[in-house]
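Visitor: Compute the structure for the input listed below.
(2 chains)
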Amino acid sequence: GENVEQHPSTLSVQEGDSAVIKCTYSDSASNYFPWYKQELGKRPQLIIDIRSNVGEKKDQRIAVTLNKTAKHFSLHITETQPEDSAVYFCAPHNTDKLIFGTGTRLQVFP
Amino acid sequence: DTAVSQTPKYLVTQMGNDKSIKCEQNLGHDTMYWYKQDSKKFLKIMFSYNNKELIINETVPNRFSPKSPDKAHLNLHINSLELGDSAVYFCASSQDEGSWSRELFFGEGSRLTVL
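Guide: Down below sits the predicted model:
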């Protein structure tokens, strides 16, 4: 079955620093690559996504980069703020199962 | 208006009982899902369902059964509850037909505690 792993599992940064989370997947047929953010006690929500024919996408302080050959994509957050503290999930898919990655807990210290 | 709503938000029950969680979406989406999130925050898909087929994650015990009275509802019924069923259950929906983006819209979650 599909394997989706994220690294690191936890990440602590100082406010203003950058954070990078990597997602590695095994299904070479995957063609849609989203990242979800889940704040404490809340539901997961999409923050950025990218299609397989695009290498990079940016939306203000967040960006996603894709390496289809190596089967991984990364979430980049610049100028981190305390409100970026959350658990982040990747969910690469081309199947009906929509498998989520193992999650990364990001903590931004003021 | 809430896009994806689940009831109840909290459910505390005894082992061996049967319980249901209801889910409704008013987005007109064609696919609905149930996910289980355990204490380690792993999000595991249990079912996906659209008008054409039900796809079941093979690791889900047959004590769990989805029921869809119509396109806007996907309820989760659980028989003979066990301690390990304690988790937060999320319902979600997406529009798959005619869309390259399969963004999931999640409900607020239902926290199930089995005593």
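
Visitor: give the contact list for A:E5.
Guide: Neighbour list for A:E5: A:C23, A:T24, A:Y25, A:G101, A:T102 [criterion: C-beta atoms under 8 Å, 6 or more residues apart in numbering or on different chains]. The C-beta positions use only the backbone N, C-alpha and C, and glycine is treated the same way.

Visitor: now do 7 Å
Guide: Shown in contact with A:E5 (C-beta atoms under 7 Å, 6 or more residues apart in numbering or on different chains): A:T24, A:G101, A:T102.

Visitor: So for it, what pLDDT did the model give?
Guide: Listed pLDDT for A:E5 reads 93.

Visitor: Mind listing the strands the helix or strand bottoming out on mean pLDDT in chain B pairs with, and their directions?
Guide: Here the helix or strand of chain B ranked lowest by mean pLDDT, DSSP states H and E is strand B:54-56, holding a mean of 79. According to DSSP bridges, strand B:54-56 forms sheet pairs with strand B:43-50 (antiparallel).

Visitor: Flag every residue of chain A that's near chain B.
Guide: Contact residues, chain A versus chain B (C-beta under 7 Å from any C-beta of the partner chain): A:32, A:34, A:43-44, A:46, A:49, A:51, A:87, A:89, A:93, A:96-100, A:102-103.

Visitor: Can you go through these and name the buried ones?
Guide: Neighbour counting with 16 or more other C-beta atoms under 10 Å in any protein chain shown marks A:32, A:34, A:43-44, A:46, A:49, A:87, A:89, A:93, A:96-100, A:102-103 as buried within those.

Visitor: so of those, which ones are in strands?
Guide: Residues of those located in strands (DSSP state E): A:Y32, A:P34, A:L46, A:D49, A:V87, A:F89.

Visitor: The first one pairs with what?
Guide: What it means is A:Y32. Here A:Y32, judged by DSSP bridges, has bridge partners A:R51, A:H93.

Visitor: now the end-to-end length of stretch A:70-81.
Guide: Start to finish, the residues bounding stretch A:70-81 are 30 Å apart (C-alpha to C-alpha, to the nearest Å).
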